[in-house]
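Asks: here is a sequence with its predicted model. Questions after.
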Amino acid sequence: MSVADQLFESLVEAATAEAVRRVLSQVQTQIKPDQTFSTQEAANYIGVSRKTIYVMCAEKQIPHISAGSIRSNKPAYLFRQSTLDAWMLERERSSIKKDI
């Protein structure tokens, strides 16, 4: 292999490594960790009232994490964004099936 070929190969490897580094950097900044929502944040996220969220939790209509005392007059619930997204998608799909 000639010196020119070796130099060219080195330049290509360096450029490839830099391109990979830039792409990985962009991907890492775009990936967001799964957020945990309070009752109010979940209500805002799916577009219902906080009272509706409490009713849905009590009737086990929405996936949630019980975070407070079971006997409390105002129990604390937590919601994962990814779980709410999956739940909304499933409800949307089931509504389409019912309409057909």
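Replies: Nice, thanks for sending it over.
Asks: burial count for residue 16?
Replies: 10 (other C-beta atoms under 10 Å). (Glycine included, C-beta is placed from N, CA and C.)
Asks: which strand or helix spans it?
Replies: helix 3-30 (DSSP states H and E).
Asks: after that helix, which helix or strand is next?
Replies: strand 36-37.
Asks: averaged pLDDT, that following strand. What do you get?
Replies: In this model, strand 36-37 has a mean pLDDT of 96.
Asks: again, but for stretch 68-78
Replies: Per-residue scores along stretch 68-78 average to 78.
Asks: export that stretch as PDB, just CAs?
Replies: Output in PDB follows, covering the C-alpha atoms of stretch 68-78 (Å, rounded to 0.1, in the frame of the first residue of the first chain):
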ATOM      1  CA  GLY A  68     -50.000   7.500  48.900                       C
ATOM      2  CA  SER A  69     -51.900   5.900  51.700                       C
ATOM      3  CA  ILE A  70     -54.800   3.700  50.500                       C
ATOM      4  CA  ARG A  71     -57.100   5.100  53.200                       C
ATOM      5  CA  SER A  72     -56.400   8.700  52.400                       C
ATOM      6  CA  ASN A  73     -59.300  10.900  51.300                       C
ATOM      7  CA  LYS A  74     -57.000  12.200  48.600                       C
ATOM      8  CA  PRO A  75     -54.700   9.400  47.500                       C
ATOM      9  CA  ALA A  76     -51.500  10.100  45.600                       C
ATOM     10  CA  TYR A  77     -51.100   8.600  42.100                       C
ATOM     11  CA  LEU A  78     -48.100   8.700  39.800                       C
END
